[in-house]
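Undergrad: sequence first, predicted model second:
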Amino acid sequence: MRFEFWTTPGHSHLKAVLEDGEDGTGRREEGDRPLMTLKDFTATFDYEVRDIHPDILGLLCMIVFYPFIRSEVEFPKPVSERLVEAFSLPIFKSRKELIFRNVSSDVEPYSGDRIALAFGGGIDSSGVRAMFPEAYLVHEVSLLNGEVRTDHTHDVVRRAGPDNGKLITTNCRYMTREGGWHTWPCSTSTSLLMATDMGFGIIFIGSVLGSTFLHSGVKYFDRLAAREFHGYTGNFWQSAFGAIGLPLFSPVGGVSGLQTLNQSRQFLQDGDVTFCQRDGGHNCLRCPKCFRRDAIRAFLFEDYVPNWEAYSNDEVVAHLIKRPLYFGHIYSAINSLTPERLPTWVRIRLKDVPRIETDWLMRSYPAALEFCPPKWRDMVSERIDSFMDPMTDDDIVQLKSWSQEAAGTG
C-alpha cells in the first residue's frame, strides 16, 4: 500500500493507494476482528498541518489503514528504522510481516514536552482531565456520510477554549461500510496529526484497570509478562508510539472506573460528562453503558438515586445475565459493599459473581507506572498520589486473584 499526504486551506488529507493483492478489505484490530471494507480511501481532517514528523506521519498511516495493508508499505515521507522496528514486534509479525520501502537513517528522533489528552468526554478521560488540567484536549468530531455526528462533548471542548482544546472533524471512524475505528489507537489520529505543530511529548488516554489488567473485568492479566511479545508497554500498539518518541499512556491504567468517576464529580455536576451519544449526542440513561455509570454514582454518592425503572429493560437485563459479566469487578464491588443501593432485580442477577469485600478498587495499582516513560514517571506518580492512595499488598493479592472464571462464571 502506498500513501499520499497533502494539505489544502484548513484541511489535511491522507490517501491510501491500493497495490497488487490489495482489495480494501481487512479485519478490525479489535474484539473478534470482523471483516471490514473501505468505502473511502482518503482520510480527511479539518486541521491544516504546518509540520509533521515523518515517523508520526508513518504511524498515522498505520493506525488508520493497518488492517488493509497486505505486504508492503510506502509512506509519504521516508521514515526511520525506529518505526520499522516497532512493527517487528512478535505480535505484529504474527499478523503480517511487512516490507517498508522508504526508510532513511537521516530522520532525527521526535521529541516534545506538552501533554495531549485524546479526550472522549466520558468518565475515564474526564478523570484524566481532572488529574491533569494542563493537558491539551483533542477530540474527534466524526463525519458519517458527510454529516457531523452530534456529541455533547463538542460543547465541552469549545468551552475549554482554543488555548486548551481542539475539535478536529474527520471521516476516520466511518471510512468502511461497517463503521468503527479500524484499530483502537485510531481514536488518537487527531492527536498525532497535531503533535508536531503543538510540541506534544506524550498522549494520554483513559484506559482503566478493567481494560489494562483485568481483561474487561473477567480475570487478572499479567501485562508485565506480556512485554515479551508486546514491547515495553505491554501493548504492541502503545509500544509503537513509544518507539518513535511520542508515548501513548494511560495515567488511570492502574485505576478502576469507580475512582475515575469519583475524580470526575465536578464535571458530572456541571453536566460535562457523556457516557453515550444515543440521545442526540447525550446520555440516553437506558443502555448498559449508562447503567454501569449510574450504578457507580449510586455507590459513590449517597444522595444520588438513578431511575432504576428506566434501566429495567431487555438490553440491560441481557447485559447483566451474560457470563462472564463485562466489567464484572465493578458490579461486584457495588453489590458487595453497598447492596442496599441497588434494586432487587439487579442484585439477584449478580449473586454468582465473585464478591469484592474491600474497597481496593478505589486505590491505584502501582505497577501500572512501570509502563510510563521515565521522562514523565515522577510527575505522573506524584499527580496520581495526590488523588488516591496506592493499593496495599493485600489489595494487590486481591487484584491478581480476581477471576470470574475461577468462580465458574466463565
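TA: Yep, it's here.
Undergrad: could you check how far His282 is from Leu167?
TA: Remark: distance between His282 and Leu167 (CB to CB, to the nearest Å) = 17 Å. Where you see a C-beta, it was placed from the backbone N, CA and C, and this is true even at glycine.
Undergrad: higher neighbour count, those two?
TA: Leu167 (23 against 15; other CB atoms under 10 Å).
Undergrad: tell me the SS of the more buried one?
TA: Recorded secondary structure, Leu167: strand (DSSP: H, G, I helix; E, B strand; the rest coil).
Undergrad: for Thr44, see how far away it is.
TA: 14 Å.
Undergrad: what of Gly281?
TA: 21 Å.
Undergrad: walk me through the domains of this structure.
TA: 2-100, 109-410 (automatic domain parsing).
Undergrad: and the last one, how far out from the chain middle?
TA: Shown here is domain 109-410, whose average C-alpha point lies 7 Å from the average C-alpha point of the whole chain (CA atoms, centre = their mean, to the nearest Å).
Undergrad: which of the three states applies to the spatially closest residue to Asp294 that is not a sequence neighbour?
TA: Once flanking residues are discounted, Asp294 sits nearest to Pro306: 3.9 Å by CB to CB, 6 or more residues apart in numbering. Secondary structure, three-state DSSP: Pro306 is coil.
Undergrad: got the contact list for Pro306?
TA: Listed by CB atoms under 8 Å, 6 or more residues apart in numbering, the contact partners of Pro306 are 285, 294-295, 297-298.
Undergrad: if I look at it, what pLDDT would I see?
TA: Looking at Pro306, its pLDDT stands at 97.
Undergrad: distance of it relative to Glu72?
TA: 53 Å.
Undergrad: again, but for Phe371
TA: In terms of CB to CB, Phe371 sits 31 Å off from Glu72.
Undergrad: more neighbours: which of those two?
TA: Taking other CB under 10 Å, Phe371 and Glu72 do not tie; Phe371 has more neighbours (23 against 15).
Undergrad: what are the phi and psi angles of the residue nearest to Asp294?
TA: phi -70, psi 170 (degrees, to the nearest 10).
Undergrad: next: Lys96.
TA: According to degrees, to the nearest 10, Lys96 has phi -170, psi 140.
Undergrad: Arg70 is in contact with that one, correct?
TA: Yes. Using CB atoms under 8 Å, Lys96 is in contact with Arg70, at 7.4 Å.
Undergrad: mind checking the SS state of the residue nearest to Leu192 when sequence neighbours are not counted?
TA: Nearest non-adjacent residue to Leu192, counting by CB to CB, 6+ apart: Leu60, 4.8 Å away. Using three-state DSSP, the structure places Leu60 in helix.
Undergrad: for Leu57, same thing?
TA: helix.
Undergrad: what number of residues lie near it?
TA: Count around Leu57 with other CB under 10 Å applied: 22.
Undergrad: scan the contacts of Pro306 and report the most crowded one.
TA: Ala295 (22 neighbours).
Undergrad: got the phi and psi for that one?
TA: The phi/psi pair for Ala295 (degrees, to the nearest 10) is phi -60, psi -40.
Undergrad: next one: Arg383
TA: phi -70, psi -40.
Undergrad: same question for Val17.
TA: The phi/psi pair for Val17 (degrees, to the nearest 10) is phi -110, psi 120.
Undergrad: that one: neighbouring residues, count only.
TA: The number of residues near Val17, taken as other CB under 10 Å, comes to 12.
Undergrad: which residue comes closest to it once chain neighbours are left out?
TA: Using CB to CB, 6+ apart, the closest residue to Val17 is Arg2 (4.3 Å).
Undergrad: lowest confidence element among the helices and strands of this structure?
TA: Within the chain, confidence by mean pLDDT, DSSP states H and E is lowest for strand 147-148 among all helices and strands, at a mean of 90.
Undergrad: which strands and helices sit next to that strand?
TA: Helices and strands touching strand 147-148, by 3 or more CB pairs under 8 Å, 6 or more residues apart in numbering; DSSP states H and E: there are none.
Undergrad: contacts for it, please.
TA: By CB under 8 Å, 6+ apart, strand 147-148 touches 141-142, 169.
Undergrad: cool, stretch 389-409 as well?
TA: Contacts of stretch 389-409 (CB under 8 Å, 6+ apart): 209, 213-214, 217-220, 254, 323-325, 328-329, 352-354, 356, 358, 360, 363-367, 410.
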